[in-house]
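*Asks:* Sequence first, predicted model second:
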Amino acid sequence: MQPIYHLSSVYIEALEPSLIDRVLIPYCPVDSIAKLTPDILAVVVGNYSAKTLSPTAGSFSVWKVYLRQSDPKVGKIADLTDAEFLNGSAAFDSHVVLIADSKLGVVFLLDTDTGKYGIVFDDETMKPVPGALVLIGINSVKTLGGYLYFTNTFAEALVRVKVDCETEKAAGPFDIMVKILSITDGFALAKDGTAFIGGSFSNVVIDISPQGVTNVNSSDVAGAI
């Protein structure tokens, strides 16, 4: 089951309608989804104005969606009242999710079983760039092989850091894998660590090898975010 979601709506959909057609999140537009298990999702929601390009601080929460039966269940995990702009999220394991705050330039760790959360990563590579069109820093996040990967939108960078599996804190430096020279947004990771990044306004998809070698796959992908 592969979910898709809509920033301007309050629901997620599945690409396998035989399992489930639509799940209503009874609150705000969906910002991101982290897959805890094949049929349990952590869904990040909150208010964001496309008109003013600004989030509503204090509006963000995370919900758990259970898809183990034909009648899915939805329940709130926690309100992250001190978050200012929750954005990308990624599962660290089957109950812990890492969530980027693009305005604060930090990563929250949320225990989806207890609802407890706190800032676990806070580094200069995550911060918004002063004078940028929109003051957002860290954007999309992924986990692979004990590393946290993330993009910083207006810093135009892909960064990774080793995560200690016991303490869930940084176990090494924040390594800027590459400066992409394109405003970055969402990305996907292949099993070998190759990153495929949407170049946003430049309408490209860029692949970056684990060694930081960059290749532009296309110059004609409209809205490649």
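*Replies:* Everything's here; your move.
*Asks:* show me where pLDDT drops low in the chain?
*Replies:* By pLDDT under 70, the low-scoring segments of the chain are 1-28, 69, 181-182, 200-202, 217-225.
*Asks:* Kindly recompute the last result at 50.
*Replies:* For the chain, the stretches flagged by pLDDT under 50 are 1, 4-8, 10, 15, 18-20, 221-225.
*Asks:* ok, the spatially most central residue of the chain to residue 186 distance?
*Replies:* Per C-alpha atoms, centre = their mean, the C-alpha nearest to the average position across the chain is that of residue 88, at 1.6 Å. Relative to residue 186, residue 88 is positioned 7 Å away (C-beta to C-beta, to the nearest Å). All C-beta spots, glycine's among them, are computed from the backbone N, C-alpha and C.
*Asks:* How about the residue nearest to the centre of the chain, nearest residue that isn't a chain neighbour?
*Replies:* Once flanking residues are discounted, residue 88 sits nearest to residue 140: 3.9 Å by C-beta to C-beta, 6 or more residues apart in numbering.
*Asks:* Now for that neighbour, how many residues are close by?
*Replies:* For residue 140, the number of neighbouring residues by other C-beta atoms under 10 Å comes to 26.
*Asks:* That one against residue 186, yeah?
*Replies:* Yes. Counting by C-beta atoms under 8 Å, residue 140 does reach residue 186; the two are 4.6 Å apart.
*Asks:* and for these two, which residues touch both?
*Replies:* When contacts are counted by C-beta atoms under 8 Å, 6 or more residues apart in numbering, residue 140 and residue 186 are jointly contacted by 88, 151.
*Asks:* how many neighbours does residue 133 have?
*Replies:* Residues near residue 133, counting by other C-beta under 10 Å, number 11.
*Asks:* which residues touch it?
*Replies:* Going by C-beta under 8 Å, 6+ apart, residue 133 touches residue 154.
*Asks:* Just the element for it, please.
*Replies:* Per DSSP states H and E: residue 133 is located in neither a helix nor a strand.
*Asks:* how close does it sit to residue 61?
*Replies:* 27 Å.
*Asks:* wait, doesn't residue 160 sit right on residue 175?
*Replies:* Yes. Using C-beta under 8 Å, residue 160 is in contact with residue 175, at 5.5 Å.
*Asks:* follow-up on the earlier one: hey, what's in contact with both of residue 88 and residue 186?
*Replies:* By C-beta under 8 Å, 6+ apart, residue 88 and residue 186 have these common neighbours: 139-140.
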